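Colleague: Structure, please.
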Amino acid sequence: MPDTAPTFSFHLEGAPASGHAIPASVLVQVVENAQNAVELIGYFVEGKEIKRRLRIPARMSRKYQLVCHVPVAGSYALPLSLGDPLSDLFALDDIQKVWGLFSGLLRGVSACDERLVRDALPDGTVRRRVLECFKAMAPGAGANWHLDIRGDDDQSFALFDDKTQPFVQGTLVPAEQREAERTITGELKTINFTQRQFSIVYPPTERELVCSYDEAIEDLLYENRRSLIQVTGRVVLNDEDQPKEIHEVSDICDLDLSPFSVEHLRADGRTLTARVPVVIEPTLDDSKQYLCLANEALGIDVFAHTREKLAVELAEQVLMLWDEYALASDDSLEESAQALKQALLNTFTEVADAA
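Modeller: Numbers count the residues shown, from 1 in each chain. Modelled structure (predicted):
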């Protein structure tokens with residue numbers, strides 16, 4: 001067993017890191033959630049019971065702290081080490097166990113392999129909370145960065161990209177439950193932790209919707225207390241077919257209106273790659289329930305309840321436009337359609353062998 005703290009590095013790559021710099025918000029998002037995941041695993045390794053509203057003791061936070069070293073050249077490379085081997089007599093053994101579980105989970109999530117994830121950490125309660133941290137470490141749909149995680153040999157062993165969050169959410173929520181769910185955007189109004197309920201104001205009707213949740217997702221309420229949030233669960237309608245309540249809430253997140261970066265569009269086994277990333281500012285429709293993307297020059301006009309679904313709609317629409325205009329002969333197109341064809345050809349290229 002190594003006699004020093006495990007070392008590894010986070011490589012943040014993409015447009016924000018092109019100048020060896022990264023927005024502080026992205027760096028905090030990644031490192032803070034990685035620290036939370038490590039502390040949860042450390043708590044588990046030491047045989048502690050994971051309870052609701054868990055507070056990690058200061059001693060344990062020091063023992064399993066992630067130590068950031070001087071950044072190095074790379075898109076944005078942040079070397080780290082895990083833990084303080086001198087914090088107690090058996091600290092190094094515990095730290096190595098935590099590293100084994102942490103790195104194993106990273107590999108499983110990177111591979112989008114539920115079996116690897118379960119094998120890495122069999123305890124379902126701890127695993128769920130760690131996976132929520134991993135989901136928060138990953139870029140959301142339309143983000144223009146990804147996280148490459150490398151070991152002490154500088155070899156990549158995990159990658160968090162736009163496939164990570166959907167995989168984690170799919171692991172946390174059974175397929176049959178996801179099929180019956182809907183996402184509602186509203187303003188957080190009240191929280192009742194005793195009854196495990198909270199309420200949001202639904203903008204189209206200005207009525208309060210009572211939302212019921214399981215304690216497994218209670219941490220998400222602490223983390224997402226801003227005005228407009230998105231709540232996913234089983235929506236109950238009233239006699240007017242308007243939402244009345246949300247049961248079995250499975251996800252809570254802030255409404256994300258950050259710029260949507262279009263680099264690769266995948267649908268039906270095909271891929272379009274942007275010659276230069278196309279950035280579109282999402283907007284909300286009047287009901288505040290739909291995120292919208294529009295680019296008149298490229299013929300883009302899509303909407304969906306969530307960023308993840310918006311990415312799917314965008315890919316499908318642009319592939320349709322590609323087939324109808326970019327691949328069509330000029331003779332079959334009117335002048336305005338020829339202009340759209342040229343805009344698409346100038347912006348995208350089809351990559352036959354892309355995964």
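
Colleague: In the protein, where is pLDDT below threshold?
Modeller: Scanning the chain for pLDDT under 70 picks out 1-3, 15-20, 51-53, 73-75, 224-226, 353-355.

Colleague: Show me where it has its helices.
Modeller: Using DSSP state H, the helices of the chain run over residues 24-45, 58-63, 91-110, 114-120, 124-137, 164-172, 175-179, 218-223, 307-321, 335-347.

Colleague: So for residue 149, which of these sits nearest?
Modeller: The closest of these to residue 149 is helix 91-110. By Cβ to Cβ, the value is 5.8 Å. Where C-beta positions appear, they are placed from N, C-alpha and C, glycine not excepted.

Colleague: Now that closest one - C-alpha only, PDB.
Modeller: What follows is helix 91-110, C-alpha atoms only, in PDB (Å, rounded to 0.1, in the frame of the first residue of the first chain):
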ATOM      1  CA  ALA A  91      -5.300   7.900   8.800                       C
ATOM      2  CA  LEU A  92      -3.400   6.600   5.800                       C
ATOM      3  CA  ASP A  93      -5.200   3.300   5.700                       C
ATOM      4  CA  ASP A  94      -8.600   5.000   5.800                       C
ATOM      5  CA  ILE A  95      -7.500   7.500   3.200                       C
ATOM      6  CA  GLN A  96      -6.400   4.800   0.800                       C
ATOM      7  CA  LYS A  97      -9.800   3.000   1.300                       C
ATOM      8  CA  VAL A  98     -11.600   6.200   0.600                       C
ATOM      9  CA  TRP A  99      -9.500   6.700  -2.600                       C
ATOM     10  CA  GLY A 100     -10.300   3.200  -3.700                       C
ATOM     11  CA  LEU A 101     -14.000   3.800  -3.400                       C
ATOM     12  CA  PHE A 102     -13.900   7.300  -4.800                       C
ATOM     13  CA  SER A 103     -11.800   6.400  -7.900                       C
ATOM     14  CA  GLY A 104     -13.900   3.200  -8.500                       C
ATOM     15  CA  LEU A 105     -17.100   5.200  -8.500                       C
ATOM     16  CA  LEU A 106     -15.600   7.800 -10.800                       C
ATOM     17  CA  ARG A 107     -14.700   5.000 -13.300                       C
ATOM     18  CA  GLY A 108     -18.100   3.500 -13.100                       C
ATOM     19  CA  VAL A 109     -19.900   6.800 -13.700                       C
ATOM     20  CA  SER A 110     -17.500   7.700 -16.500                       C
END
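
Colleague: Sort out which residues of that helix are buried, please.
Modeller: Under the neighbour-count criterion of 16 or more other Cβ atoms under 10 Å, helix 91-110 has 91-92, 94-99, 101-103, 105-110 buried.
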